[in-house]
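Colleague: following is a predicted model, sequence given first.
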Amino acid sequence: MATVQLFVPILDLGGTFVFAISGAVAAVNRRLDIFGILVLSFVTGNFGGIARDVLIGAVPPAALSEIRYLLVSVIAGLITFFWYSGVDRLRSPVLLFDAAGLAFFAVAGAQKAIEFGLSPVMAALLGMLTGIGGGVTRDVLLAEIPHVLRSDLYAVAALAGASIVVVGDMLGISYEVSALIGGALCFGLRFMAIRHGWNLPIAHLSAQARAGTDPSNDIKSN
Amino acid sequence: MATVQLFVPILDLGGTFVFAISGAVAAVNRRLDIFGILVLSFVTGNFGGIARDVLIGAVPPAALSEIRYLLVSVIAGLITFFWYSGVDRLRSPVLLFDAAGLAFFAVAGAQKAIEFGLSPVMAALLGMLTGIGGGVTRDVLLAEIPHVLRSDLYAVAALAGASIVVVGDMLGISYEVSALIGGALCFGLRFMAIRHGWNLPIAHLSAQARAGTDPSNDIKSN
Amino acid sequence: MATVQLFVPILDLGGTFVFAISGAVAAVNRRLDIFGILVLSFVTGNFGGIARDVLIGAVPPAALSEIRYLLVSVIAGLITFFWYSGVDRLRSPVLLFDAAGLAFFAVAGAQKAIEFGLSPVMAALLGMLTGIGGGVTRDVLLAEIPHVLRSDLYAVAALAGASIVVVGDMLGISYEVSALIGGALCFGLRFMAIRHGWNLPIAHLSAQARAGTDPSNDIKSN
């Protein structure tokens, strides 16, 4: 139990830290200034949780009421700013820790949604949102289509981990156990997706239809 | 009365469904994967209502606390994914049903804002937001300027319909009556705009000023 | 005291007005229609405060419950629409008034966050968010990287002003005094940044690292 007590904040802040690194790297790559880098760090590290908290009515969000999330994000941003080439070389460990952070965020996000009375399916989706929301906001701020919408098993891994927690809650299994299983599943899926380049399918189109699939073909009535 | 009881959920879920189709089609046209398609479906179908609920303090939003909105969005996404060419052929009926969905969303959104105590003008605007919010979020996620900001009478039709509900409420007319009139007005305006290519004016500029209107001319102090 | 009572709403609405002008000008420059121009006016003038209010749980946000913010934004949009070349000629006074609006928004935003019980650091950040949120949302809707993330001392000036209010609150100094000092500091920093082209540093990279800093180098796991 004491191990869990120690483990949880490490994953929580570690996840925030690694997410923040990915935001800061993206900001440096687009030549944003130091302020832009710190904003991207904070947003990428925390916006998943903030979006979840606003949606379930837990305001002010934890990321705004507890200073340590800001602190960790700023440190990640400053390290990237002053030591970009070093961060760049740590690409593989960052990806691995990012998978751990995703697992933790998804699992903890689902649990919080359950505590706020959301239905099982929605709690699982909010767990997923907690995991991917930061990256989505980072990409929106960079005027790009969110990476998570077009690639590998990122969101699905988060959804799987969150679902285990929700099912566990319905079966009366203790949170510690289901969080461990859910987190391991999420981490494992991500790890395999990175290692083997697993991806989700895109729509199968006939050659004719494919010729027609470009933005001008949208049904954009609104 | 029994007819109304039946009619309302049909329009509600029907509107969500058709909005979700437009999101899924846009996602397929940008080659997003199946997860991206389902996200765009859900967001386009529900984010107008979610934004309204967050702004008026009705959290968790209805679209997150009732499972049927998610279900309908996912079905729309899957249909588009597996049967893109078929959906593409149904372009005209989709546009028509979309106009009906818009009318319903605008009218119901305004009514909900009134119930939460917003002033008449703001209730009308929140009705409009309910109608257009999904499409705006879809376009932001696709890194494009929202279509509704630059074209035909979409938002104005929603605003007109919502305004009727608000005026009706001030005059003490029953919601059933004003919703019917407001919805018909919104639907009618949209129908005419589609049929006759009606558009709103853009700023009239002298040739000299026009030469100057490009993004580099912004007053972007912030 | 009576002067303060008069001064506050002038700065408040004046700030909204000038921010709205910058949104409307950006909308005209991208050839949006009149509706798009009015939306950009309202969003740029009010979204900083709306985001703050949603995050601290002050819903419905003041900008939605009090009609005057909408009114001022619409007027700014209409003036820009009908009189674009005139607005364009007033560039310098607009920048100056914008600095005053920023100072007011940052200071008032921090004070509101303190009143809602946020910690000092977060209150300062929410003050900054109140000042820059409108411009960020404007740029996101225009599918561009927010200007404030890549240029001059805009956000830092807002943060400095908001911080003075927070420190003043901790020291027991009356809001009137700290708001005046904080506002003057923010305005002064902005004024100097505009006059002397002050900018924040971007990351220092070796020639080799610079060759590698492009979006393809992101650590985008999510």
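Modeller: Structure received.
Colleague: okay, and for chain A, where does confidence drop off?
Modeller: Under the criterion pLDDT under 70, the flagged ranges of chain A are A:1-8, A:151-152, A:204-217, A:219-222.
Colleague: cutoff 80 now
Modeller: Where chain A drops to pLDDT under 80, the residues are A:1-12, A:86-97, A:150-152, A:197-222.
Colleague: the one helix or strand A:A157 maps to near chain B at all?
Modeller: Assigned by DSSP states H and E, A:A157 belongs to helix A:154-171. Yes: using Cβ under 8 Å from any Cβ of the partner chain, helix A:154-171 reaches chain B at A:A155, A:V156. In this view, the C-beta of every residue, glycine as well, is placed from N, C-alpha and C.
Colleague: C-terminal to that helix, what's the next element?
Modeller: Scanning forward in sequence from helix A:154-171 by DSSP H and E, the next helix or strand is helix A:175-196.
Colleague: gap between that next one and the chain center?
Modeller: Chain-centre distance of helix A:175-196: 14 Å, with Cα atoms, centre = their mean, to the nearest Å.
Colleague: now do the helix holding A:A157: which elements does it pack against?
Modeller: helix A:91-115, helix A:120-141, helix A:175-196, helix B:34-56 (3 or more Cβ pairs under 8 Å, 6 or more residues apart in numbering or on different chains; DSSP states H and E).
Colleague: quick one: buried residues of the longest one?
Modeller: If you call a residue buried by 16 or more other Cβ atoms under 10 Å in any protein chain shown, then helix A:91-115 has these buried ones: A:94-114.
Colleague: and it, does that touch chain B?
Modeller: No: contact of helix A:91-115 with chain B (Cβ under 8 Å from any Cβ) is absent, the minimum separation being 8.5 Å.
Colleague: centre of the chain to that helix, how far?
Modeller: 7 Å.
Colleague: same question, stretch A:36-55
Modeller: 10 Å.
Colleague: grab the longest helix from chain A for me.
Modeller: Ranked by residue count and defined by DSSP state H, the top helix of chain A is helix A:2-29.
Colleague: pull out the buried residues from that helix.
Modeller: Applying 16+ other Cβ under 10 Å to helix A:2-29 flags A:11-29 as buried.
Colleague: make TSV out of the helices and strands packed on helix A:154-171 and add distance to A:A155.
Modeller: Converted to TSV, these look like this (distance: least, Cβ to Cβ, whole Å):
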stretch	distance to A:A155
helix A:91-115	9
helix A:120-141	5
helix A:175-196	10
helix B:34-56	5
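Colleague: quick one: contacts for the nearest residue to A:F116 once chain neighbours are set aside?
Modeller: Leaving aside its chain neighbours, A:F116 sits nearest to A:I56 (4.2 Å; criterion: Cβ to Cβ, 6 or more residues apart in numbering or on different chains). The contact partners of A:I56, taken as Cβ atoms under 8 Å, 6 or more residues apart in numbering or on different chains, are A:K112, A:A113, A:F116, A:L118, A:L126, B:V59, B:P60.
Colleague: redo that, cut-off 7 Å
Modeller: A:A113, A:F116, A:L118, A:L126, B:V59, B:P60 (Cβ atoms under 7 Å, 6 or more residues apart in numbering or on different chains).
Colleague: is it true that the first one touches A:A124?
Modeller: I take that to be A:A113. No: look at A:A113 against A:A124 with Cβ atoms under 7 Å: they stay out of range, at 8.2 Å.
Colleague: about what we covered before: among the helices and strands packed on helix A:154-171, which is nearest C:L159?
Modeller: Comparison of the helices and strands packed on helix A:154-171 against C:L159 by Cβ to Cβ identifies helix A:120-141 as nearest, at 17.9 Å.
Colleague: is chain B within reach of that closest one?
Modeller: Yes: Helix A:120-141 comes into contact with chain B (Cβ under 7 Å from any Cβ of the partner chain), by way of A:V121, A:M122, A:V140.
Colleague: name the element A:A76 belongs to?
Modeller: Here A:A76 is covered by helix A:67-82, with elements defined by DSSP H and E.
Colleague: which other helices and strands contact the helix or strand that comes right after that helix?
Modeller: Using DSSP H and E, the helix or strand that follows helix A:67-82 in sequence is helix A:84-89. Counting contacts by 3 or more Cβ pairs under 7 Å, 6 or more residues apart in numbering or on different chains; DSSP states H and E, helix A:84-89 packs against helix A:2-29, helix C:207-212.
Colleague: residues of helix A:84-89 that come out buried?
Modeller: Of all the residues in helix A:84-89, those buried under the rule 16+ other Cβ under 10 Å are A:Y84, A:V87, A:D88.
Colleague: now stretch A:182-199
Modeller: Within stretch A:182-199, the residues that qualify as buried are A:G182, A:G183, A:L185, A:C186, A:F187, A:L189, A:R190, A:F191, A:A193, A:I194, counting by 16+ other Cβ under 10 Å.
Colleague: the third one against A:A160, yeah?
Modeller: Yes: using Cβ under 7 Å, A:L185 makes contact with A:A160 at a distance of 5.3 Å.
Colleague: picking up where we left off before, which helices and strands does the longest helix of chain A pack with?
Modeller: Helix A:2-29 packs on helix A:34-56, helix A:67-82, helix A:84-89, helix A:91-115, helix A:120-141, going by 3+ Cβ pairs under 7 Å, 6+ apart.
Colleague: what sits up against stretch A:68-77?
Modeller: Residues external to stretch A:68-77 that are found in contact with it (Cβ under 7 Å, 6+ apart): A:13, A:16-17, A:20-21, A:24, A:37-38, A:41-42, A:45-46, A:63, C:121.
Colleague: around chain C, pick out the residues from chain A.
Modeller: Taking Cβ under 7 Å from any Cβ as the criterion, chain A approaches chain C at residues A:21-22, A:25-26, A:28-36, A:39, A:54, A:59-61, A:64-65, A:67, A:70, A:81, A:84-85, A:88, A:91, A:94-95, A:98, A:102, A:132, A:135, A:140-143, A:147-148, A:154.
Colleague: what about the nearest residue to A:I114 once chain neighbours are set aside, neighbour count?
Modeller: In space, A:I114 comes closest to A:A123 once its chain neighbours are excluded; the distance is 4.7 Å by Cβ to Cβ, 6+ apart. Per other Cβ atoms under 10 Å in any protein chain shown, the neighbour tally for A:A123 reads 26.
Colleague: same thing with the one 10 residues further on?
Modeller: The local packing count at A:G133 equals 27, with neighbours defined by other Cβ under 10 Å.
Colleague: what about A:I67, neighbour count?
Modeller: With other Cβ under 10 Å as criterion, A:I67 counts 13.
Colleague: would you mind measuring from it to A:L13?
Modeller: Distance, A:I67 to A:L13, by Cβ to Cβ, to the nearest Å: 12 Å.
Colleague: cool, A:D98 as well?
Modeller: Taking Cβ to Cβ, one finds A:D98 at 14 Å from A:L13.
Colleague: of the contacts of A:I56, which is the nearest to chain C?
Modeller: Here the nearest of the contacts of A:I56 to chain C, counting by Cβ to the nearest Cβ, is B:V59; it sits at 8.6 Å.
Colleague: contact partners for that closest one?
Modeller: B:V59 neighbours (Cβ under 7 Å, 6+ apart): A:L55, A:I56, A:G57, B:D53.
Colleague: what helix or strand is it located in?
Modeller: Assignment of secondary structure by DSSP H and E places B:V59 within no helix or strand.
Colleague: will you turn the helices and strands packed on helix A:2-29 into JSON lines that also has distance to B:G168?
Modeller: Shown next, in JSON lines, are the helices and strands packed on helix A:2-29 (distance: least, Cβ to Cβ, whole Å):
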{"stretch": "helix A:34-56", "distance to B:G168": "31"}
{"stretch": "helix A:67-82", "distance to B:G168": "47"}
{"stretch": "helix A:84-89", "distance to B:G168": "59"}
{"stretch": "helix A:91-115", "distance to B:G168": "37"}
{"stretch": "helix A:120-141", "distance to B:G168": "33"}
